[in-house]
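Undergrad: Could you work out the structure for the sequence below:
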Amino acid sequence: MVEISGVSKSYGIQKALDDVHLTIRPGGVFGLLGPNGAGKSTLMKIITGYVAPDFGDVRVCGINVATDTVKARRSMGYLPENNPLYGDLYVREYLEFRAQVFGLKNIRHRIQEVIDQTGLGPEAHKKAGMLSRGYRQRLGLAAALLHQPEVLILDEPTSGLDPNQVQEIRLLIREMGSARIVIMSTHIMQEVEAICTRAAIIAKGRIRADESVDSLRRRGVGNVLNVQFEKHVQPSDLKSVQGVLHVRQNTDGKTFEITTQDSDIARKSLFDWAVTSQNPIVEITARQRNLEDVFQELTRD
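TA: Alright, predicted model coming up:
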């Protein structure tokens, strides 16, 4: 398993990670979810030993990453967000180079296995630099899988892919999660719903939630009212209205997204407030809360 204990990291005055604790066990895909700049990539780099934490430690399969980095890395496969490749090497040449770095035996057989596993076959005759973005990601995955790691770490693996490519990479990642620990960072909620069984939400370097995706979905029970008033309203005035849980104001100062537990009660209370305040409601619509609403609540200031 992967154990992250009290990890903190700062860059100058900016705190990238603040006392992060996580334990990740085999079974399914673990999602590390957060907005841009939340600390996801920094945590990935610390897990893989590319960056040292200021405080705390990380153990991968029982190995301390800081004190035995090389041994820890042998148990990990890593696909960074920018997926650096040697563009002038053919697909098989690149994989052979990576296999030699890990000192693998029976290299040709293993290369063919990962080519088949990742669906690289149709493009295996090309140079890495000639591949489409989707096949570059497949090559990165193949390279990360070559030495049969117990832990696979993927940083924004579907970034920049078209919808068809996203679907193909998601399927690959789900398949990989059945045989090893897979940790995947993303800022896209749909990725978590499509791939992950468990997720941690991180914002400003702190873990805001760590639970199963089903549990996160249950947090989404309730309704959201989109309300437009005739005149400007202070958000603090609406927070005191019965049935209102959270208020988010749009830039026009008149339109609000209001989270409720019971939309009927909140709707009636809002109309009563509008009459008392002499500020008529121009429009009001309702929708079910979803995981994106949960994400926004947990990561907003």
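Undergrad: Which parts of the chain belong to which domain?
TA: 2-216, 220-299 (automatic domain parsing).
Undergrad: looking at these, which is buried most?
TA: The highest average neighbour count among these, using mean count of other Cβ atoms under 10 Å, belongs to domain 2-216 at a mean of 18. For the C-beta atoms, the positions are set from N, CA and C on the backbone; glycine is no exception.
Undergrad: centre of the chain versus that domain, how much separation?
TA: 11 Å (Cα atoms, centre = their mean, to the nearest Å).
Undergrad: So for it, mean pLDDT?
TA: Mean per-residue pLDDT for domain 2-216: 90.
Undergrad: again, but for stretch 264-275
TA: 91.
Undergrad: contacting residues around it?
TA: 223, 225, 227, 229, 237-238, 241-244, 258, 260, 280-281, 284, 286 (Cβ atoms under 8 Å, 6 or more residues apart in numbering).
Undergrad: that's a strand at residue 246, yeah?
TA: Yes: per DSSP: H, G, I helix; E, B strand; the rest coil, residue 246 lies within a strand segment.
Undergrad: Test of understanding: give the bridge partners of it.
TA: residue 259 (DSSP bridges).
Undergrad: Can you name the residues that contact it?
TA: Residue 246 neighbours (Cβ under 8 Å, 6+ apart): 239, 258-259, 297.
Undergrad: Got the confidence number for it?
TA: For residue 246, the pLDDT comes out at 84.
Undergrad: Compute the distance between it and residue 283, please.
TA: 20 Å (Cβ to Cβ, to the nearest Å).
Undergrad: And for residue 80?
TA: Residue 80 sits 46 Å away from residue 283, going by Cβ to Cβ.
Undergrad: picking up where we left off before, which two from the contacts of stretch 264-275 end up farthest apart in space?
TA: 223 and 280 (21.8 Å; Cβ to Cβ).
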